[in-house]
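Whatever this is, show me its structure:
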Amino acid sequence: MSKRVKAFLLLLLAAVPGAAQTKESAREICARPLAGSEVGEAEDLRSRNGVLQVDLAVEQDTGPSGQVRYCYIAADGSQSPNIRVAPGDLLILRLKNNLGGAPELSLAHQHVHGEAGGGADPCASSVMSAVSANLHFHGLTIPPVCHQDEVLKTSIQPGSAPFEYRFHIPKDQPPGLYWYHPHIHGFTKLQVLGGAAGALIVEGLERANKEVAGLRERVLTIRDQDLLNPDAPPSSTEPLMPKIRIDHDGDVVNTGTGFGKPAKDLSLNFVPVPYPDYPAAVIRMKPNERQLWRVLNACAITYLNLQVLYNRIPQVLQVVALDGVSVNQNGNANDQLARRNHLGIPPGGRVEFIVQAPPAGVAASLVTRTVNTGPGGENDPNRPLATILTSDDAPEPVSMLPASAEPLPQPALPWLGDVTPVRTRKLYFSEKLEDPSNPNSATTFFITLDGQTPRPFDPASDVPAIVVRQGEVEDWIIENRSNELHAFHIHQIHFLLMDWFGIPVNEPFLRDTINVPFYDGKTQQYPSVRLRMDFRDPNIVGSFLYHCHLLEHEDNGMMGLIRVEAAGK
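Purely as a prediction, here's the structure:
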């Protein structure tokens, strides 16, 4: 068939009402691998000569089981590519909103305002709907302004021209794993649960720790999604469970046993590992090979507790970085590795560690162990994620760290743990049932500065709950007054854990996301963490957010606004 005839047929098809839509709806835009598949690698988009230009389209489709799926499609057709940049690079990312249908504006949150449609100014429209789009660059210390990392008002509507994000990666940004995802208030869970997330790597980890120099690296993004088999009975290999309770969102409540139906299914680089039989994905390695695994918990609500098992025996993993920051960032421990046999990762958290493959013939697997989320939390049971198969002909990951590199310079600022805070604040998580007599009724979630009245986050208000000056360091005590686990996250900065439940912690790791234990109703004090908050970087001047990174909690009010004023203001 000639190109001219093909073009005529396409024009004819477009002229038939509904024909083009039918063809599009039949195409899987956000295609996903089959369960049990080998874990693939996302496409690497790398900067050249200090610049990386990326064109992404956010898309949605409906999977075979009827689930709505979201994804980012790059210009080359790859899905959710790895964005790879170096400190000092210029990132230019043009985001096109191709989400379908008319905006389904949320009446529940009463915060949709501004002018919908393609003509609205994306920097000021504030329209937040199921088909709105924006990006948060989780973990990066970049200005909270439009076209960089502002999510309070930035909202791109279907039909708008591609929206340009343009910013430099700070020259002192720690090398490691970060990520990008939507931050549409009221609908963040919907989009992230559908798969809208991707990894962002700041290169140079071998400069922070020479133990990773020359290693092949594997980026593993773990996502959750609604159950593919929600009505299936548990596997016959599991013990009998007490009666399962379901919350108002349709999620299974924590059974407290480590077993039972999970609240959500998990996937590994989009390879699903669905309930009830959990057919594991496949990771192939050469026998005894050492690799750097960069693991991102891109789940909307699911906590992870990772272990690598050889013949069912947990292996010691050599942790190189947490939340994008090397574990020897304090400058006192050259090439130190933190050794752990399990790795708890809250939603939004990242961990980078060295794995050594077993000898040939040894059974090996990657699993997530149960997480006790509290009597009000979701069920995160024990389950496998991947089988690790070794063979001499196993394909190696595409990316490899340089074999040698000049060490990073010592940080210009004193180690955060050595800085005396200018003040201490107390904040607390709490919840309120719409109907106290019905534990499955709708819930409003709060994060409140002690002394203030709990109120759900109001995106229409510009009044911050907290005001600080750039250059200051504060201690924040975060209490949990609810009966479920929460994950505290703040944009723009990292923090240092100082104590856990009142017990001092000698932890030289920086984080941007951390679990706060649930209240069991028995102890005389609420569980808490003390965090040393670092507001010294001049890039962070402006207004940004802190919140629980369980996205249904964030969407339903558990978020606050902080303003960092310029020094001397």
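
Surely Q67 and G195 touch.
No. Using CB atoms under 8 Å, Q67 is not in contact with G195, being 9.6 Å away. Using the backbone N, CA and C atoms, a C-beta is placed for each residue, glycine as well.

Now for those two: what residues contact both?
Common neighbours of Q67 and G195, counting by CB atoms under 8 Å, 6 or more residues apart in numbering, are Q225.

Tell me which stretches of the stretch 101-250 of the chain form helices.
188-193, 205-208 (DSSP state H, counting those that start in this stretch).

between those, which gets nearest to R294?
Closest to R294 of the helices of the stretch 101-250 of the chain is helix 205-208 (CB to CB; 8.7 Å).

now the closest one, how far from the centre of its chain.
Its chain's C-alpha centre and that of helix 205-208 lie 23 Å apart, by CA atoms, centre = their mean, to the nearest Å.

Check stretch 486-498 too.
Centroid separation between stretch 486-498 and its chain, computed with CA atoms, centre = their mean, is 13 Å.

Just the terminal-to-terminal distance for it.
Terminal residues of stretch 486-498 lie 18 Å apart, using CA to CA, to the nearest Å.

Same check on stretch 413-422?
So stretch 413-422: terminal residues 16 Å apart, CA to CA.

quick one: buried residues of that stretch?
Of the residues in stretch 413-422, L416, P421 count as buried by neighbour count, 16 or more other CB atoms under 10 Å.

For it, the averaged confidence score.
Across stretch 413-422, the average pLDDT comes to 95.

Kindly report the same for stretch 94-111.
62.

Check stretch 446-456 too.
So the average pLDDT for stretch 446-456 ends up being 96.

list the buried ones in it?
For stretch 446-456, a neighbour-count test (16+ other CB under 10 Å) marks F446, I447, T448, L449, P454 as buried.

Just confirm the last one contacts L427, I think it does.
No. Under the criterion of CB under 8 Å, P454 makes no contact with L427, lying 10.9 Å away.

Any stretches of the stretch 1-150 of the chain with poor pLDDT?
Where the stretch 1-150 of the chain drops to pLDDT under 70, the residues are 1-27, 101-119.

all strands for it, in order.
44-46, 51-62, 68-74, 82-85, 90-97, 136-138 (DSSP state E, counting those that start in this stretch).

of all those strands, which lies closest to A566?
Of the strands of the stretch 1-150 of the chain, nearest to A566 by CB to CB is strand 136-138, at 21.9 Å.

would TSV of the helices of the stretch 101-250 of the chain with mean pLDDT, distance to A263 and mean neighbour count be doable?
Listed next are the helices of the stretch 101-250 of the chain as TSV, based on pLDDT from 0 to 100; distance: least, CB to CB, whole Å; neighbours: other CB atoms under 10 Å:
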stretch	mean pLDDT	distance to A263	mean neighbour count
helix 188-193	97	11	23
helix 205-208	94	33	24
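
Export those helices as JSON lines, with columns for distance to V505.
Shown next, in JSON lines, are those (distance: least, CB to CB, whole Å):
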{"stretch": "helix 188-193", "distance to V505": "30"}
{"stretch": "helix 205-208", "distance to V505": "22"}
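
D555 is nearest to which of the ones you listed?
helix 188-193 (5.3 Å).

Give the other helices and strands that the closest one contacts.
strand 68-74, strand 176-181, strand 216-225, helix 551-555 (3 or more CB pairs under 8 Å, 6 or more residues apart in numbering; DSSP states H and E).

before we move on, the earlier item: quick check: neighbours shared by P454 and L427?
T448.

hmm, back to that, so Q67 and G195 - more neighbours on which side?
Set Q67 next to G195 and count neighbours by other CB atoms under 10 Å: G195 wins out with 26 against 17.

Was I right to think L52 contacts L91?
Yes. L52 is within contact range of L91, at 5.3 Å (criterion: CB under 8 Å).

the more surrounded of the two?
Taking L52 and L91 together and counting by other CB under 10 Å, L91 has the greater number of neighbours (22 against 19).

Distance-wise, check that one relative to R46.
11 Å (CB to CB, to the nearest Å).

Which residues are in contact with each of the two?
L52.

Tell me which of the strands of the stretch 1-150 of the chain sits nearest to A280.
Using CB to CB, the nearest of those to A280 is strand 68-74, at 21.7 Å.

Now do that closest one: which elements does it pack against?
Using 3+ CB pairs under 8 Å, 6+ apart, strand 68-74 is in contact with strand 51-62, helix 188-193.

Strand 216-225 and that strand, what's the angle between them?
Angle between the axes of strand 68-74 and strand 216-225 is 150 degrees (criterion: axes from the mean of the first three to the mean of the last three CA atoms, to 10 degrees).

quick one: strand 68-74 to strand 90-97, angle?
On the basis of the same axes, to 10 degrees, strand 68-74 is oriented at 140 degrees to strand 90-97.

where does the stretch 451-569 of the chain dip in pLDDT?
569.

just so I have it, where are all the strands in it?
Counting by DSSP E, counting those that start in this stretch, the stretch 451-569 of the chain has strands at residues 466-469, 472-480, 486-490, 495-500, 503-504, 510-511, 513-516, 528-535, 542-548, 559-565.
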